[in-house]
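Student: I would like the atomic coordinates for the input below:
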Amino acid sequence: MFKRILIANRGEIALRIIRACRELGVETVVVYSEADRGAAYLKMANEAYCVGPAKASESYLKIDRVISAAEIGNVQAIHPGYGFLAENAHFAEICRSCQIEFIGPSHEAMALVGDKNAARRLAKEVGVPTVPGSDGLVQEESEALAIAHRIGFPVLIKAAAGGGGRGMRVALNDLALKSAIQQAQAEAAAAFGNGEVYIEKYVEHPRHVEVQILGDLHGNVVHLWERDCTMQRRHQKLIEESPAPNLDENVRRSICESAVRLVKAANYSNAGTVEFIVDRQGNFYFIEVNARIQVEHPVTELVTGIDLIKMQFRVASGEPLPFRQQDILTRGAAIECRINAEDPTKNFRPSPGKIQRMIVPGGYGVRWDSHAHAGYEVSPFYDSMIGKLLVHQPTREEAIACMRRALLELSIDGVSTTVPRHLEILNHSAFTEAGVDTTFIERTWPS
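Tutor: The predicted structure is shown next:
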């Protein structure tokens with residue numbers, strides 16, 4: 001096990017990693033920007049170094065500054081968290097070339113699964129279902145039109161790099177496709193420095209189901225079952241749960257086995273997530289691999305009893321997985337609500353500012369993961385997430401009731417939050433009856 005590591009991230013995930021390290025007896029060094037100077041969680045680390053101004057491109061994304069902090073801090077490994085440099089294969093390669101372990105997959109595996117087009121190709125090779133679409137990257141407008149006519153409208157233009165819904169456009173006809181290609185390429189180039197795109201058939205009204213996987217450095221890979229992340233706005237997840245409701249047991253097992261087959265073929269190690277969409281007929285299709293820990297990883301922790309952050313450290317330090325696939329069972333139902341500083345009545349417009357007062361819920365089966373507190377300044381420079389509210393109960397019905405109660409207890413003054421919309425969703429019959437799809441929020445609250 002490592003003795004001292006650096007956390008190349010901020011906020012909730014930085015605190016989550018610090019807590020795991022304290023329990024493991026591992027010292028922590030954290031980096032921070034000027035905007036995060038004075039953040040309460042920094043005091044919980046053994047050391048903290050400023051790596052630049054508020055803008056992420058001048059601080060958290062500056063590889064040379066992060067590596068310098070790691071060398072000054074005399075660490076053995078770097079945990080990237082999620083976002084920022086977490087899926088940057090070049091960063092992972094630099095870490096290891098500097099004799100600093102990167103707590104994640106190898107840069108070769110990350111590069112392979114991180115390129116959506118290459119990952120689709122690999123999925124086809126190992127028999128994992130993929131959405132019909134282009135065989136490779138699409139460069140020319142004429143090529144895009146030919147593919148769309150072959151597979152049929154509507155089609156989805158997707159960036160080969162990155163995620164979070166950026167570089168994605170839906171086109172319903174020829175004219176819309178011409179415009180969507182240009183928009184997707186421009187947005188992807190601006191967001192990821194890579195404007196390459198490909199085309200898929202747009203599966204209407206799908207569910208979004210993802211599989212948590214974990215691999216060690218000895219070739220062992222297991223899945224920790226699935227999460228349902230269907231409840232989204234603008235391709236950003238709002239609510240996640242496990243197990244996925246109303247999912248046929250045979251489909252559930254097939255999805256999980258497909259995820260393991262894919263990452264094994266990529267020689268993948270450490271934690272990751274394989275994402276799928278499921279249509280109304282129960283057919284599932286591979287979307288992408290997230291080569292990092294996910295925001296919603298606590299959902300899986302609650303139903304499996306496995307601490308994923310600790311497992312990341314154990315496998316990165318060379319330990320074999322302490323369990324086999326048949327040992328991993330799920331218990332009960334877990335739900336997570338991402339509480340963001342956003343105004344859902346104004347198209348989820350960010351609501352930065354100071355939290356004047358905060359009262360967090362508790363009680364049986366309730367978990368609150370957050371770095372925020374009364375007096376905390378929600379910065380306009382970063383993701384608007386304030387915290388993650390989770391519940392774990394014996395059944396989904398009990399979990400929904402518990403989450404409603406917890407949301408009513410949660411009080412945050414000073415900024416607008418997504419809590420009112422979460423309550424509306426949990427009280428909607430389409431959600432309670434597990435009849436939603438990824439377009440539910442836009443269709444139900446079109447404003």
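Student: and residue 235, how many neighbours?
Tutor: Using other Cβ atoms under 10 Å, the number of residues around residue 235 comes to 12. For the C-beta atoms, the positions are set from N, CA and C on the backbone; glycine is no exception.
Student: contact partners for the residue lying closest to residue 133 once chain neighbours are set aside?
Tutor: Once flanking residues are discounted, residue 133 sits nearest to residue 200: 3.7 Å by Cβ to Cβ, 6 or more residues apart in numbering. Neighbour list for residue 200: 131-134, 155-156, 158 [criterion: Cβ atoms under 8 Å, 6 or more residues apart in numbering].
Student: pull the residues that contact the lowest-mean-pLDDT helix or strand in the chain.
Tutor: Sorting the helices and strands of the chain by mean pLDDT, DSSP states H and E puts helix 174-192 at the bottom, at a mean of 87. Contact with helix 174-192 is made by 138, 141, 144-145, 148, 153, 155, 157-162, 166-171, 194-197, as judged by Cβ under 8 Å, 6+ apart.
Student: which parts of it are buried?
Tutor: 176-177, 180-181, 183-185, 187-189, 191-192 (16 or more other Cβ atoms under 10 Å).
Student: swap in stretch 51-61?
Tutor: 51-52, 54, 56, 59-61.
Student: looking at the buried residues of helix 174-192, spot the one nearest residue 362.
Tutor: Ranked by distance to residue 362 (Cβ to Cβ), these are led by residue 191 at 38.3 Å.
Student: hmm, residue 321 is touching residue 216, no?
Tutor: Yes. If you go by Cβ atoms under 8 Å, residue 321 and residue 216 touch, sitting 4.7 Å apart.
Student: just after the host helix or strand of residue 6, pick out the following helix or strand.
Tutor: Assessed by DSSP states H and E, residue 6 sits inside strand 4-7. The C-terminal neighbour of strand 4-7 among helices and strands, as given by DSSP H and E, is helix 11-24.
Student: which helices and strands does that next one pack with?
Tutor: strand 4-7, strand 27-32, helix 308-316, strand 366-370, strand 385-393 (3 or more Cβ pairs under 8 Å, 6 or more residues apart in numbering; DSSP states H and E).
Student: which other helices and strands does whichever helix or strand comes after the fourth one contact?
Tutor: As assigned by DSSP H and E, the chain's next helix or strand after strand 366-370 is strand 377-378. Judged by 3+ Cβ pairs under 8 Å, 6+ apart, the packing partners of strand 377-378 are strand 353-354.
Student: next, the buried residues of stretch 339-351.
Tutor: Buried-residue list, stretch 339-351, by 16+ other Cβ under 10 Å: 339-344, 348, 350-351.
Student: quickly find the element holding the residue of the chain positioned farthest from its centre.
Tutor: Distance from the C-alpha centroid of the chain peaks at residue 142, with 34.2 Å (Cα atoms, centre = their mean). Under the criterion of DSSP H and E, residue 142 resides in helix 141-151.
Student: using CSV, list the CA coordinates for that helix.
Tutor: Output of helix 141-151 as CSV, limited to C-alpha atoms (Å, rounded to 0.1, in the frame of the first residue of the first chain):
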residue,chain,number,x,y,z
GLU,A,141,-20.7,16.3,-45.1
SER,A,142,-21.4,14.0,-48.1
GLU,A,143,-20.2,11.0,-46.1
ALA,A,144,-22.4,11.9,-43.2
LEU,A,145,-25.5,12.2,-45.4
ALA,A,146,-24.8,8.8,-47.0
ILE,A,147,-24.5,7.2,-43.6
ALA,A,148,-27.7,8.8,-42.3
HIS,A,149,-29.6,7.7,-45.4
ARG,A,150,-28.3,4.1,-44.9
ILE,A,151,-29.2,3.8,-41.2
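Student: next step: the contacts of helix 174-192 restricted to strands.
Tutor: 155, 157-159, 169-171, 197 (DSSP state E).
Student: the strand or helix carrying residue 228: partners in the sheet, and parallel or antiparallel?
Tutor: Using DSSP H and E, residue 228 sits within strand 221-233. If you go by DSSP bridges, strand 221-233 pairs up with strand 207-215 (antiparallel), strand 236-242 (antiparallel).
Student: now the angle from the next helix or strand after the last one to strand 207-215?
Tutor: In this case it means strand 236-242. Counting by DSSP H and E, the element after strand 236-242 in chain order, helix or strand, is helix 249-265. Angle between the axes of helix 249-265 and strand 207-215 is 50 degrees (criterion: axes from the mean of the first three to the mean of the last three Cα atoms, to 10 degrees).
Student: buried residues, helix 249-265. List them.
Tutor: 251-252, 255-256, 258-260, 262-263, 265.
Student: low-confidence ranges, this protein, go.
Tutor: Scanning the chain for pLDDT under 70 picks out 162-164, 447.
Student: please parse it into its domains.
Tutor: Per the record, the chain has its domains at 4-103, 132-201, 207-444, by automatic domain parsing.
Student: now the terminal residues of the longest one, how far apart.
Tutor: Yep, that's domain 207-444 we're talking about. Its first and final residues considered, domain 207-444 spans 16 Å by Cα to Cα, to the nearest Å.
Student: one more: stretch 183-201?
Tutor: 18 Å.
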